[in-house]
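Undergrad: Sequence first, then the predicted structure:
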Amino acid sequence: MPRRWFPTLRSTPPPATKSEPGYTLWAPAGVDRARPWSVERAVRDGMERAVWIYKAVDTISSHAADRLLRVRPRSGTSEDALPSLADHPLYEALNVTANPLEGAWAFKKRVSMQLLLSKRGVFLEPTFSRGGDLLRIDLLPPGRTRPVPSRGADLVSHFETVTPSGELRTLDVERVRWIRNPHPLDAYSGITPLEAAGLSADLDYYTRLYNLSFVHNDARPGGVIGIDGDMDDAELRLLRQRFSTGPTAAGAWTVLSGGNITVTDTSTTPRDMAYETVSANSKLELLAAFGVPESQLGNASGRTYDNAHAEKLQFWTITMATHLRLLGSAFQTDAGEGHEAYFDASDIDVLREPRSKRLAEAREEVAAGVRSLYSYAELAGYADEVDDTPASRALWVNSGRTPVPARAADAQALAQAAPAAPATPAARTAKVLDTTSDLPLDGAAATTLHRQLDTALQALATRWTERTVTRLNSPRHRKGTRHWDNRGADDPRTGLKELPVEQVIDLATWQQEATQALQPLVERAAATAGTELHTALGGTGAGTENTWPTLAPLLASWLTGHATALADEIHHADHQGKDLGGITVTTRDWGRTFTAWATTTANRLATATIEIARDHAATAAGRAGLTRRWVAHDDGQVRPDHEAAHGQTQSLGLPFTVGDDLLRHPADPEARPGQALNCRCRLAWQLRP
C-alpha cells in the first residue's frame with residue numbers, strides 16, 4: 001500500500017483556473033496566502049456559528065448602515081470641518097436606493113460586514129449614465145474578485161471577477177471602488193479581526209461542542225460502579241438499563257440494593273471547570289479583536305453608568321470612527337475634486353460632548369469678556385444669523401456689560417471713546433468762568449449710577465439666595481445630618497451633624513462677584529464725573545483718581561455682615577427643628593430682605609462715587625475759590641438734619657455740619673449709617689473770586 005501523507009505535507013497543488021470560483025488571490029514572493037480565514041470560512045465558521053462574532057459584526061455594520069453619507073468641501077488647514085453640501089449625486093445611491101435589488105441601508109450593512117470579514121476587502125461597481133450621472137452601485141463577490149497587479153508603474157492593472165455561472169469578467173480600475181483594511185506587507189490584500197482572533201473563535205466553538213456532546217450523548221460516564229462477584233447477562237442488562245444514557249440521564253445517579261458495591265464519581269473534573277474560563281477568555285479576545293465592548297452589544301450588567309458611557313465613547317471614537325473612515329474612502333473619487341465623502345455621526349451623543357464642552361468654554365469666555373459675540377457665533381455655526389457689527393465684535397466685560405472695542409474704528413460707535421475735540425486756542429485754558437452760577441455738572445449722575453448698581457445688586461442678591469438654597473439641598477451638605485432623606489435613622493448616611501453653613505454660604509465668591517459686577521460701573525461713572533468737573537474748570541484731559549479702593553472695604557464689610565446674619569438664621573432654624581423645606585423658606589425670606597438692602601446700598605455707593613470723584617478732580621485742578629453747596633431733595637421725604645443742611649456752603653476740603661455729625665459730602669463712607677444711608681443729596685459747585 002503506498003504511503004499516504006497528511007494533506008498539509010503534500011506538495012503544493014496546481015493553481016486553480018481563473019474561471020473556477022475558488023481561485024486564489026495573487027500573492028507576492030515570501031507572503032503566505034494559505035490563511036485559513038477566507039471570507040467564506042469567516043462567514044460560515046465565524047459569523048454564522050460564533051455568537052460573539054455575529055453580534056460584533058452585526059453591531060458595527062448596523063451602526064454604519066444608520067449613518068448617512070455626506071459630501072463637503074475639504075477644509076484644508078482649518079481644524080473646523082466645512083458644512084456639507086445640500087445635494088450630491090452620491091446621496092441617492094448611498095442614502096436611499098443603491099440598486100434595484102437593495103435599499104441603501106441593507107447595501108451599507110453588507111459592505112460593512114464584508115469589510116470586517118473579507119481579507120481581500122470590498123469591491124464596489126458603480127454604474128454611470130452616458131451623461132456621467134450615478135445610476136447604481138453593486139457589490140462584487142469578494143471571494144471571486146481580485147485585483148490584477150500591473151507590470152508597469154501602476155499598482156493594479158485591472159480587476160477580475162467570476163460570476164456565479166463561472167464566467168470571467170474583466171473590469172477597468174476606474175470601474176471598481178476597492179476598500180480594505182490595509183495589510184502591513186501586502187498592498188493587494190487587507191486584514192481582518194478573525195486573522196488575529198481565529199484561534200479564539202475555534203476554541204470557543206470546540207469548547208461549546210465538547211459540552212454539547214457530553215449533554216447530548218452522555219459521552220463521559222457520570223460515575224463507575226464496580227460489583228464484587230459474577231453477574232449474568234440479564235442482571236448486567238438490567239443494571240445498564242437502570243443507568244441508561246441520553247440527555248435526560250446525563251450525569252444522573254440511582255440507588256441499588258445489594259452488597260459489596262463500590263462507586264467512583266467522575267462527573268466533575270478540572271476539565272469541566274475550565275470551560276467557563278476558556279469561554280470567557282474567548283469572548284474577551286473576540287470582542288477585543290473587533291473593538292466592540294459588551295455594553296454596546298446590549299449587555300451592560302456589572303457596569304456603572306460611567307463605565308458604560310466610557311465604553312460607548314471608546315467604541316465610537318476608536319472602532320466606528322476608523323470603520324466609517326474606511327467606508328468613506330471608497331467614494332472620494334466620486335465626491336468630486338476638492339470635496340470629501342464622509343458618514344455623518346454628528347447625532348451621536350458621546351461624539352457631541354467635546355464640542356459641547358468647547359462651546360460651554362466659549363460661552364464662559366464671552367461672559368468673561370475675552371471672546372466676542374460674533375466669534376462665538378462663528379464657532380457655534382450660526383455666524384450668518386449674527387450681523388458683523390462693532391457691538392458683536394466687541395469684548396463685553398461681564399460686570400456691567402462694558403463693551404471693549406475690538407478696533408479703533410469701533411470705539412466711537414460703541415461710545416467708549418469721546419470724539420476728538422477740535423483744536424482750541426491757547427486762551428481756552430484761561431477761560432473766565434461765570435462766578436455767579438454753579439458749574440455745569442450733571443445733577444442726575446448719581447441717579448443714573450444708582451439704577452445701574454441697583455440692577456446689578458438685585459441680580460446678585462437673587463443669585464446668592466438661590467445658590468445657598470441649592471447647596472442646602474445638595475447631598476454633599478446633607479450627608480451626616482438629620483436632613484439626609486425621609487427614612488430618618490434607618491439610613492446610615494443620616495447623622496447628628498449640623499448643617500455646614502460655612503460651606504453653604506460662600507462669602508469669598510460673593511465678594512468676588514460683587515467686585516466683578518460693581519467695580520467697572522463705579523470706575524466708569526467716577527471717571528466721567530471727575531473729567532466733567534475738570535473740564536468745567538478749564539482743564540484738558542482727565543482729572544480723576546480711582547474711587548473703588550475707597551468703597552471696596554465698605555462693600556466687603558457689608559457683605560460679611562449680611563452673610564453672618566444669614567448663617568445665624570440658618571443655624572437658628574436648624575436648632576429649632578425645622579426641616580429642610582422650612583430652612584429653605586427662611587433663606588428665601590432673608591433673600592427678600594437682602595434685595596431691599598441692595599437698593600439702599602446702591603444709592604449710597606452711587607452718591608459717594610460721584611462726590612468722591614469730583615472732590616479728587618477739584619483737588620487735582622488746584623483752583624482757588626472752589627466752594628460746594630449742599631443741595632437736598634424737595635419731596636417731603638428728606639430727613640430733618642439733611643433738610644437743615646440745605647444751602648450750607650463750604651470751601652473745598654472742609655466738612656459740612658449735618659445735625660451733630662461732620663460729613664465730607666453726601667453718603668460719606670466714614671459717616672454713621674443714620675446720616676449716610678439712603679442719602680439722596682448732592683453738592684453744587686461754584687468758583688468764587
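TA: Looks like it came in fine.
Undergrad: what about the strands in the stretch 501-650 of the chain?
TA: For the stretch 501-650 of the chain, the strands defined by DSSP state E, counting those that start in this stretch occupy 626-631, 649-651.
Undergrad: looking at these, which is closest to residue 686?
TA: Closest to residue 686 of the strands of the stretch 501-650 of the chain, according to Cβ to Cβ: strand 626-631, at 5.1 Å. Just so you know, the C-beta spots here come from the backbone N, C-alpha and C atoms, and that holds for glycine as well.
Undergrad: Quick one: distance of that closest one to the chain centre.
TA: In this view, strand 626-631 has its centroid 60 Å away from the chain centroid, taken as Cα atoms, centre = their mean, to the nearest Å.
Undergrad: do the same with stretch 105-117
TA: That offset, for stretch 105-117, works out to 31 Å (Cα atoms, centre = their mean).
Undergrad: I'd like to know how far residue 475 sits from residue 306.
TA: Residue 475 sits 17 Å away from residue 306, going by Cβ to Cβ, to the nearest Å.
Undergrad: got it, and residue 70?
TA: Using Cβ to Cβ, residue 70 is found at 32 Å from residue 306.
Undergrad: buried set for the host helix or strand of residue 340?
TA: Per DSSP states H and E, residue 340 falls inside strand 339-344. Judged by neighbour count (16 or more other Cβ atoms under 10 Å), strand 339-344 contains these buried residues: 339, 340, 341, 342, 343.
Undergrad: now stretch 378-392
TA: Neighbour-count burial for stretch 378-392 flags 378, 379, 386, 390, 392 (criterion: 16+ other Cβ under 10 Å).
Undergrad: Tell me which of residue 70 and residue 306 has more neighbours.
TA: Remark: of residue 70 and residue 306, residue 70 carries more neighbours, 22 against 8, as counted by other Cβ atoms under 10 Å.
Undergrad: so what's that one closest to, chain neighbours aside?
TA: Leaving out its chain neighbours, the residue that sits closest to residue 70 by Cβ to Cβ, 6 or more residues apart in numbering is residue 84, at 4.0 Å.
Undergrad: mind checking pLDDT for the one you found?
TA: On pLDDT, residue 84 comes in at 88.
Undergrad: before we move on, what SS does it have?
TA: Here residue 84 is coil, with the state taken from DSSP: H, G, I helix; E, B strand; the rest coil.
Undergrad: That one - how many residues pack around it?
TA: Other residues near residue 84 come to 20 when the count uses other Cβ under 10 Å.
Undergrad: right, and out of the buried residues of stretch 378-392, which lies closest to residue 443?
TA: Nearest member of the buried residues of stretch 378-392 to residue 443, counting by Cβ to Cβ, is residue 390, at 31.0 Å.
Undergrad: what about that closest one, distance to residue 376?
TA: Residue 390 sits 16 Å away from residue 376, going by Cβ to Cβ.
Undergrad: try residue 167
TA: Distance of residue 167 to residue 376, computed by Cβ to Cβ: 62 Å.
Undergrad: Looking at these two, which one has more neighbours?
TA: Higher neighbour count among residue 167 and residue 376: residue 376, with 18 against 9, using other Cβ under 10 Å.
Undergrad: was I right about that one contacting residue 360?
TA: No: contact between residue 376 and residue 360 fails when scored by Cβ atoms under 8 Å: they sit 11.0 Å apart.
Undergrad: picking that back up, let me know whether the residue nearest to residue 70 touches residue 75 as I believe.
TA: No: when contacts are counted by Cβ under 8 Å, residue 84 is not listed as touching residue 75 (11.6 Å).
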